[in-house]
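Participant: sequence first, predicted coordinates after that:
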Amino acid sequence: MSHKVFLENIFTRGAKRGLLIFVFVLFITSIPALAQMTVTATASPTSGTAPLNVTFTATVAGGTSPYTYNWDFGDGTAHGTTNPVTHTYVLAGKYTVSLTVTDSSPAPLSTTITVGTITVYLAVEIAAEPQCGLAPLNVCFSGQGNYGYAPYSYKWNFGDNAPANNTTEQNPCHGYMNSGIYTATLTVTDSHGNTGTTFIRIGVYNEPLFTVTATADVTLGLAPLRVNFYGSHSTSSYISGAFEYEWDFGDGSETCIDAAPQHIYSSPGVYTAKLTVTGTDICGQTWSYSDTIEITVAQDPSIYITKPLTGSSMSGGQLILESMALTSGTVVRVDYYINDVYVGSATTAPYRLTLNACGADGTYYIYAILYDSKGNTAQSAKVAITISNPTLDGTNYVLKNPFRIKFFGTGFKPGAKLYFNDIEAPITKVLSPNIVVAKGGPALKALVPQGVPVIVTIVNKDGSCSAPVTFQR
């Protein structure tokens, strides 16, 4: 019956009771409405590895405070009065949590809610020995499930997609054939079907794990010589964290840990600067690799032949000589010698001298002498080079029918060309490394008029060339 109907009945039935009805109506309308109460709750975290600490927090709206809290954690334990509350789940499993909140009104209100499900996974221990090393690497694993219900079963994934027949053993061994970073995973299941998973990273390496490069803006000069060094290294997925640099400048000074330091060499000498870069792999093992660069602090004055390089070889007609002259004075001239024979001079940097090397064949020793404005001289180290050219020994033989000329010498190669007064012969035929024939009948005769001396040379396809010889028919 609604309040309206109830009041109408009172007035109808009690019309003759006047004052009594009035007082009764006042009493009825003064009764307050019943209070409402709503409850919400959260859990953090809702899943994790045993033993798992979970914090529960409730929020209550309505009712009359203070409130009484009764938590049922789903694992056979309960807790009252506290909000928020932290509970530790010791064993793996799924647990449904409920909460009952009661207020403190004279007629207490009570509300029960389901907070949610807490999923607790097995704790899984994993280890590998060795965890890192050079390929091929044999690794023995060990695993253990905890905080569940024995017996446990094991499932391994070694991470390299290689066939394996021991993936269900508790403590298997596995061979990694190729370099790389592999993630080995272990899943453990207990007798109640609870599971837990963990992993370990395996580092398998080929050396070097990374490369190091040391460079400098200048490697040769007079003291005091200021040198800017630059260090770099290749990238490496095997190294975790930052690389560390250390420079040893080779002159007994303190080492430096900058990647790009500057250093001043104060005394003449040849110094080997060494850069060492160190990185740490995923197992905490350090790997160090180095590169060196040679710094020459020259005496005053000094001279160094820069072209050609010692030990080099060449074929062709031009030999270019160049030098670096170092002096606190002014360079007057640079003289060049080949096999102790003076061959020419240069007066301006890079002190270049170009020589015709056609016909040269064998090993030659080159050096330079510097003369400066202070009256000082300096001689370079000798540079040894090998020059390969064909040679004409001056021997020839003329055949008249058909007209052709045989020349004798050394170093003739297929495709070589004979020249008469710098005009190519109509046909050149290489019979052997020591015999070459010019052909062409009347055209060849026109190049070698009878009784007239002509200059003959031969040029191989690689550009090597002979010294000229004189031929007369």
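Facilitator: Sure thing, it's come through.
Participant: residue 314 is in contact with residue 358, isn't it?
Facilitator: No. Residue 314 is beyond contact range of residue 358, at 11.6 Å (criterion: CB atoms under 8 Å). The way it works is simple: take the backbone N, C-alpha and C, and place the C-beta from them, glycine included.
Participant: all the helices of the protein, residue numbers only.
Facilitator: Using DSSP state H, the helices of the chain run over 3-13, 19-29, 442-447.
Participant: mean pLDDT lowest for which of the ones you listed?
Facilitator: The minimum mean pLDDT among these belongs to helix 19-29 (a mean of 32).
Participant: residue ranges of each domain in this protein, please.
Facilitator: 1-31, 37-121, 123-205, 212-298, 302-387, 391-472 (automatic domain parsing).
Participant: residue 51 is in contact with residue 122, isn't it?
Facilitator: No. If you go by CB under 8 Å, residue 51 and residue 122 don't touch, sitting 11.1 Å apart.
Participant: which one's more surrounded, those two?
Facilitator: Neighbours were counted for residue 51 and for residue 122 using other CB atoms under 10 Å; residue 122 has more, 26 against 14.
Participant: what residues sit buried inside stretch 384-391?
Facilitator: 385, 387, 388, 389, 390, 391 (16 or more other CB atoms under 10 Å).
Participant: distance of the second one from residue 343?
Facilitator: Using CB to CB, to the nearest Å, we find residue 387 at a distance of 13 Å from residue 343.
Participant: which helix or strand in this structure has the lowest average pLDDT?
Facilitator: Lowest on mean pLDDT, DSSP states H and E among the helices and strands of the chain sits helix 19-29, with a mean of 32.
Participant: which residues sit in contact with residue 370?
Facilitator: Contacts for residue 370 (CB atoms under 8 Å, 6 or more residues apart in numbering) come out as 301, 302, 303, 323, 325, 327, 331, 334, 377, 378, 379, 380.
Participant: show the buried residues in those residues.
Facilitator: 301, 302, 303, 323, 325, 327, 331, 334, 378, 380.
Participant: one step back: neighbour-wise, which of residue 314 and residue 358 wins?
Facilitator: Taking neighbours as other CB under 10 Å, residue 314 and residue 358 compare with residue 358 leading, 23 against 18.
Participant: ok, the more buried one touching residue 457?
Facilitator: Yes. Using CB under 8 Å, residue 358 is in contact with residue 457, at 7.1 Å.
Participant: what sits in contact with each of those two?
Facilitator: When contacts are counted by CB under 8 Å, 6+ apart, residue 358 and residue 457 are jointly contacted by 465, 466, 467, 468.
Participant: before we move on, the earlier item: from the buried residues of stretch 384-391, which ones fall inside strands?
Facilitator: Applying DSSP state E to the buried residues of stretch 384-391, the entries found in strands are 385, 387, 391.
Participant: mind putting those in a markdown table, distance to residue 230 included?
Facilitator: Shown next, in a markdown table, are those (distance: CB to CB, whole Å):
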| residue | distance to residue 230 |
| --- | --- |
| 385 | 32 |
| 387 | 37 |
| 391 | 48 |
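Participant: which one of those sits closest to residue 175?
Facilitator: Set against residue 175, the nearest of these by CB to CB is residue 385 (53.0 Å).
Participant: measure the closest one to residue 310 for me?
Facilitator: Applying CB to CB, the value for residue 385 to residue 310 is 7 Å.
Participant: which of the shared contacts of residue 358 and residue 457 ranks first by neighbour count?
Facilitator: Top of the shared contacts of residue 358 and residue 457 by neighbour count (other CB under 10 Å): residue 466, with 28 neighbours.
Participant: wait, that one touches residue 391, no?
Facilitator: Yes. In this structure, residue 466 is within contact of residue 391 by CB under 8 Å, at 5.5 Å.
Participant: overlap of the contact sets of those two?
Facilitator: 359, 409, 411.
Participant: can I get the residues you listed in CSV including pLDDT, distance to residue 367 and neighbour count?
Facilitator: Shown next, in CSV, are the shared contacts of residue 466 and residue 391 (pLDDT from 0 to 100; distance: CB to CB, whole Å; neighbours: other CB atoms under 10 Å):
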residue, pLDDT, distance to residue 367, neighbour count
359, 90, 22, 19
409, 95, 30, 20
411, 93, 27, 18
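Participant: using CSV, lay out those residues together with distance to residue 59.
Facilitator: Shown next, in CSV, are those (distance: CB to CB, whole Å):
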residue, distance to residue 59
359, 104
409, 107
411, 101
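Participant: residue 69: which of the residues you listed is nearest?
Facilitator: Relative to residue 69, and with distances defined as CB to CB, the nearest of the shared contacts of residue 466 and residue 391 is residue 411, at 105.5 Å.
Participant: now do the closest residue to residue 215 other than its chain neighbours: how many residues are near it, please.
Facilitator: Leaving aside its sequence neighbours, residue 215 sits nearest to residue 230 (CB to CB, 6 or more residues apart in numbering; 4.8 Å). A count of nearby residues for residue 230, using other CB under 10 Å, gives 14.
Participant: ok now do residue 230, which residues does it touch?
Facilitator: Each residue near residue 230 by CB under 8 Å, 6+ apart is listed here: 214, 215, 216, 217, 259, 260.
Participant: got a winner among the residues you listed for most neighbours?
Facilitator: residue 214 (18 neighbours).
Participant: contacts only, for it.
Facilitator: 229, 230, 231, 273, 274, 275, 291, 292, 293.
Participant: show the pLDDT at it.
Facilitator: Per-residue pLDDT puts residue 214 at 98.
Participant: where in the chain is pLDDT low?
Facilitator: Scanning the chain for pLDDT under 70 picks out the ranges 1-35.
Participant: go with 90
Facilitator: Scanning the chain for pLDDT under 90 picks out the ranges 1-36, 77-82, 165, 237, 240-241, 315-318, 361, 400-401, 473.
Participant: still on that earlier bit, in strands, which of the shared contacts of residue 466 and residue 391 fall?
Facilitator: Short answer: the shared contacts of residue 466 and residue 391 in strands (DSSP E) are residue 409.
Participant: residue 281: which of the shared contacts of residue 466 and residue 391 is nearest?
Facilitator: Closest approach between the shared contacts of residue 466 and residue 391 and residue 281, by CB to CB: residue 411, at 56.5 Å.
Participant: contacting residues around the closest residue to that closest one other than its chain neighbours?
Facilitator: Of all residues not flanking residue 411 in the chain, residue 390 sits nearest, at 3.7 Å (CB to CB, 6+ apart). Going by CB under 8 Å, 6+ apart, residue 390 touches 361, 409, 410, 411, 412, 413, 416, 458, 460, 464, 465, 466.
Participant: pull the most distant pair out of those residues.
Facilitator: Pairwise distances across the contacts of residue 390 peak at 14.6 Å for 361 and 416 (criterion: CB to CB).
Participant: which residue lies nearest the spatial centre of the chain?
Facilitator: The chain has residue 235 as the residue nearest its centroid, 1.2 Å off, counting by CA atoms, centre = their mean.
Participant: can I assume it is in contact with residue 243?
Facilitator: No. Assessed by CB under 8 Å, residue 235 is found out of contact with residue 243, at 10.0 Å.
Participant: who touches both of those two?
Facilitator: Residues touching both residue 235 and residue 243 (CB under 8 Å, 6+ apart) are residue 210.
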